[in-house]
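Visitor: 3D model of this:
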Amino acid sequence: MNAVAPHCPPFNPWAGEVALVVDGQPHVCKLTLGALAELEAALGADTLVELVKRFESGGFSSRDVLALIVAGLRGGGWQGSAKDLVSAEIEGGVVRAAEAAAELLARAFAAP
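Guide: The predicted model follows:
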């Protein structure tokens, strides 16, 4: 089921999950209701609809990507914070982080 990278854990895209390797450790990310609430708080006045539109148009910021990755990791059970990711190495770099963020959004709001 996992075609992302050999280091990634098994994940279920139909359940909204996205695989990501951070500092050599595999993680399953998911935007749960709690993670979405944290995401809204992290982005302040921005709405999730505005965030989706930014990703669809390619007008997202690095702050958007970081907030989405943190929310997804936390939804998957990770206990870290944005400060922990600032110096972390994401396998696949910035491009993979942006892809994972977009996948999280798409899967969280996709119809089953």
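Visitor: Can you tell me how far L105 is from E17?
Guide: Using C-beta to C-beta, to the nearest Å, one gets 13 Å for the distance from L105 to E17. Just so you know, the C-beta spots here come from the backbone N, C-alpha and C atoms, and that holds for glycine as well.
Visitor: who's more crowded, the two?
Guide: L105 (25 against 22; other C-beta atoms under 10 Å).
Visitor: separation between the closest residue to L68 other than its chain neighbours and D84?
Guide: For L68, ignoring the flanking residues on the chain, the nearest one in space by C-beta to C-beta, 6 or more residues apart in numbering is A101 at 3.8 Å. Distance of A101 to D84, computed by C-beta to C-beta: 16 Å.
Visitor: Please compute how far stretch 23-39 lies from its chain's middle.
Guide: 6 Å (C-alpha atoms, centre = their mean, to the nearest Å).
Visitor: Tell me the pLDDT of the most centrally placed residue in the chain.
Guide: In the chain, the residue lying closest to the centroid (C-alpha atoms, centre = their mean) is I69, at 3.2 Å. Looking at I69, its pLDDT is 95.
Visitor: Over to V21?
Guide: Residue-level pLDDT assigned to V21 equals 95.
Visitor: wouldn't it be in contact with G93 here?
Guide: No: the pair V21 and G93 does not pass the contact test of C-beta atoms under 8 Å, sitting 11.1 Å apart.
Visitor: For these two, indicate the residue with more neighbours.
Guide: Higher neighbour count among V21 and G93: V21, with 20 against 9, using other C-beta under 10 Å.
Visitor: now that one: how far from E89?
Guide: Distance from V21 to E89, by C-beta to C-beta: 9 Å.
Visitor: one step back: tell me who's in contact with the residue nearest to L68.
Guide: Going by C-beta atoms under 8 Å, 6 or more residues apart in numbering, A101 touches 55, 60, 64-65, 68-69, 72.
Visitor: name the element it belongs to?
Guide: Assigned by DSSP states H and E, A101 belongs to helix 93-108.
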